[in-house]
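# Build me a model:
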Amino acid sequence: MRQKQFEQNFEKAMALPMPTKTFAKLNVEKEFVSLTIRPGLINKHLTQDQLIALSRLASHGAVKYSADHGFIVSVHQDFLEEALEKLTVVGLYAVNPQPSAVVKCCDFCDGERLEALSITEKFLQEIEQFPLKKRIRIGLNACTSACYNAVRDDIALIYHDGKFDLYAGAIQMGRRANSGELLVKKIDDSKIIQVVYELLQLFERSTFKEFHGFIRKEKLNIQQTLAQLL
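Numbers count the residues shown, from 1 in each chain. Prediction:
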């Protein structure tokens, strides 16, 4: 009986039509905003109220699950403030669409491994949404399992025994996609904010448009500069 239900479920899911309200289709007149939405920077569980809020926002635009552990919510610019209010009420985090540093944390094993929580909170306060010339995705994983694939983000921070390994320069998509390169090992948690801040500033002051190109071409100079902070 259960197998039959799974078969029916599969058939129904496969019969769903192509999406008609994608961001590209909605934004023909350049009047829509696309927001990255997460249930939290650490807590990845959705509540009933959060799911209801997302479903209601879908009626004003579109809601799509992303490859980056979140949702993409497309709403008309005139509805943006009201949408943000609705998201705030239910505790859903909306990333500012302006170019900035965006931090993606793991779930700390659903709260069972919180050794890095205090430094993570400080890091988020000082680095999250730091304005840049383009969006830089920073993945922070609280242990060496790194199951949230931080090394596939522009910058990766892997925590272990009170220190961080820093990777950078991943190519996230396309036929040349690959993980970031190890730049610095065993950065003390008291130094990690300063090190990442300096790396972001180095990129901001450079003439490079792509972060992975900046890391590939300037790796030695970057490592030498960051080493002075340690």
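
# contacts and neighbour counts: CA atoms only from here.
Fine.

# Pull the residues that contact the lowest-mean-pLDDT helix or strand in the chain.
Taking mean pLDDT, DSSP states H and E as the measure, the chain has helix 108-111 as its least confident helix or strand, at a mean of 83. The contact list for helix 108-111 (CA atoms under 8 Å, 6 or more residues apart in numbering) reads 42, 43, 114, 141, 142.

# Figure out how far it is from the centre of its chain.
In terms of CA atoms, centre = their mean, to the nearest Å, the centre of helix 108-111 is found 17 Å from the chain centre.

# again, but for stretch 106-115
How far stretch 106-115 lies from its chain's middle: 17 Å, per CA atoms, centre = their mean.

# Show me the shaky parts of the chain.
Counting by pLDDT under 70, the chain has no low-confidence residues at all.

# Can you show me the strands along it?
Taking DSSP state E to define them, one finds strands in the chain at 32-38, 61-65, 71-76, 93-95, 101-105, 136-141, 155-160, 163-168, 181-188.

# Once you drop chain neighbours, what's closest to the spatially most central residue of the chain?
Nearest to the mean C-alpha position of the chain, by CA atoms, centre = their mean, lies residue 104 at 3.9 Å. Nearest residue to residue 104, sequence neighbours excluded (CA to CA, 6 or more residues apart in numbering): residue 139, at 4.8 Å.

# Show me which helix runs longest in the chain.
helix 211-227 (DSSP state H).

# Quick one: neighbours of the closest residue to residue 215 other than its chain neighbours, just the number.
Leaving aside its sequence neighbours, residue 215 sits nearest to residue 169 (CA to CA, 6+ apart; 5.4 Å). Residue 169 has 25 neighbours, counted by other CA atoms under 10 Å.

# separation between the nearest residue to residue 213 once chain neighbours are set aside and residue 41?
Closest residue to residue 213 apart from its sequence neighbours, by CA to CA, 6+ apart: residue 169 at 7.3 Å. Distance, residue 169 to residue 41, using CA to CA, to the nearest Å: 22 Å.

# next one: residue 87
Separation of residue 87 from residue 41 (CA to CA) stands at 14 Å.

# now the residue nearest to residue 104, which residues is it bridged with?
Beta bridges link residue 139 to residue 104, residue 156, judged by DSSP bridges.

# dump the residue contacts of it.
So residue 139 contacts 103-106, 148-151, 153-157 (CA under 8 Å, 6+ apart).

# now do 10 Å
Neighbouring residues of residue 139 by CA atoms under 10 Å, 6 or more residues apart in numbering: 102-106, 146, 148-158, 167-168.

# and what of residue 122?
Residue 122 makes contacts with 128, 193, as judged by CA under 10 Å, 6+ apart.

# could you redo the last one with a cut-off of 8 Å?
For residue 122, counting by CA under 8 Å, 6+ apart, there are no contacting residues.
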